[in-house]
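Visitor: test case, fold it:
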Amino acid sequence: MNTAQLRRVTAESFAHYRPGLIELLLEAVGQGWSLGFRADLDAEQARRYFDQVLGDIQQGKLLLWVVVRDELVQASVQLELCQQPDAGHRAQVQKMLVRQLAQRHGLGQQLMAALEQGALQHKRGLLTLDVQVGAPAEAFYRSLGYSRVGEIPDYTCAPNGDFHPTALYFKTLHGAHA
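Guide: Below you'll find the model as predicted:
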């Protein structure tokens with residue numbers, strides 16, 4: 001079995017990873033992860049979502065990384081580069097996904113290290129993210145140095161329709177304005 005490989009997904013390489021990204025998203029939503037989708041998410045809806053992701057990559061609004069093993073997508077993360085004129089210093093971490101069987105093998109840390117390096121390369125020194133309160137992801141992000149600043153009640157709607165509070169986190173990266 002090949003070792004896991006981290007890759008930045010470009011507009012040119014996107015088609016290669018798209019089927020695996022769709023499978024990964026469907027698995028995560030099927031497990032009840034709060035990702036902005038309902039439980040009835042199907043492959044066609046996931047394809048349409050990834051059409052938008054590709055468009056954002058092509059426009060320079062979004063960066064995407066995957067970890068593959070034997071060319072199968074095991075994990076992914078997105079970094080949305082804020083586009084407002086006064087927000088060129090910040091970006092939002094989105095859709096950190098790791099296949100259930102690949103969890104607890106360091107793929108998330110690998111992805112976040114690449115994401116933070118990519119943020120620095122794009123002069124984005126302030127990263128933000130939100131996560132469902134009480135989800136294991138909270139401890140993960142805290143372990144990476146992200147600070148919790150509060151929560152919003154009933155902000156997140158799980159795939160089953162239940163509402164949950166969302167915790168807001170940030171991290172300041174040094175060297176982004178050099």
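Visitor: where are the low-confidence patches of the protein?
Guide: 1-2, 175-178 (pLDDT under 70).
Visitor: try it again at 90.
Guide: Applying pLDDT under 90 to the chain picks out residues 1-4, 31-39, 71, 84-88, 100-105, 156-161, 174-178.
Visitor: distance of Glu80 relative to Gln100?
Guide: 25 Å (Cβ to Cβ, to the nearest Å). Heads up, the C-betas are built off the backbone N, CA and C, glycines and all.
Visitor: looking only at neighbour counts, state which of those two leads.
Guide: Neighbours per residue (other Cβ atoms under 10 Å) separate Glu80 from Gln100, with Glu80 holding more: 17 against 10.
Visitor: quick one, what contacts Gln94?
Guide: 77-80, 129 (Cβ atoms under 8 Å, 6 or more residues apart in numbering).
Visitor: the same query, at a cut-off of 10 Å, please.
Guide: Residues in contact with Gln94 (Cβ atoms under 10 Å, 6 or more residues apart in numbering) are 35-36, 53, 62, 64, 77-80, 115, 128-130.
Visitor: same question, Ala119
Guide: Taking Cβ under 10 Å, 6+ apart, one finds 63, 79, 81, 90-91, 93, 125-127, 171, 173, 176 in contact with Ala119.
Visitor: which residue ranges of the chain form helices?
Guide: Using DSSP state H, the helices of the chain run over 14-30, 43-58, 107-121, 136-143.
Visitor: return the residues in contact with the nearest residue to Tyr146 once chain neighbours are set aside.
Guide: Computed as Cβ to Cβ, 6 or more residues apart in numbering, the closest residue to Tyr146 that is not its neighbour in sequence is Tyr169, at 4.2 Å. Going by Cβ under 10 Å, 6+ apart, Tyr169 touches 93, 127-131, 137-138, 141-142, 144-150.
Visitor: count of neighbours near the residue nearest to His122 when sequence neighbours are not counted?
Guide: Excluding the flanking residues, the one nearest His122 by Cβ to Cβ, 6+ apart is Leu81, at 5.9 Å. Leu81 sits with 20 neighbouring residues when counted by other Cβ under 10 Å.
Visitor: show me the beta-bridge partners of Leu81.
Guide: Per DSSP bridges, the residues bridged to Leu81 are Ala91.
Visitor: ok, it to Ala11 distance?
Guide: Leu81 is 15 Å from Ala11, by Cβ to Cβ.
Visitor: ok, Arg148 - contacts?
Guide: 131, 133, 138, 141-142, 167-170.
Visitor: just the buried members of those?
Guide: Among the contacts of Arg148, those classed as buried by 16 or more other Cβ atoms under 10 Å are 131, 133, 138, 141, 167-170.
Visitor: which of these sit farthest apart?
Guide: Using Cβ to Cβ, the two most remote members of the buried ones among the contacts of Arg148 are Val133 and Phe170, lying 16.0 Å apart.
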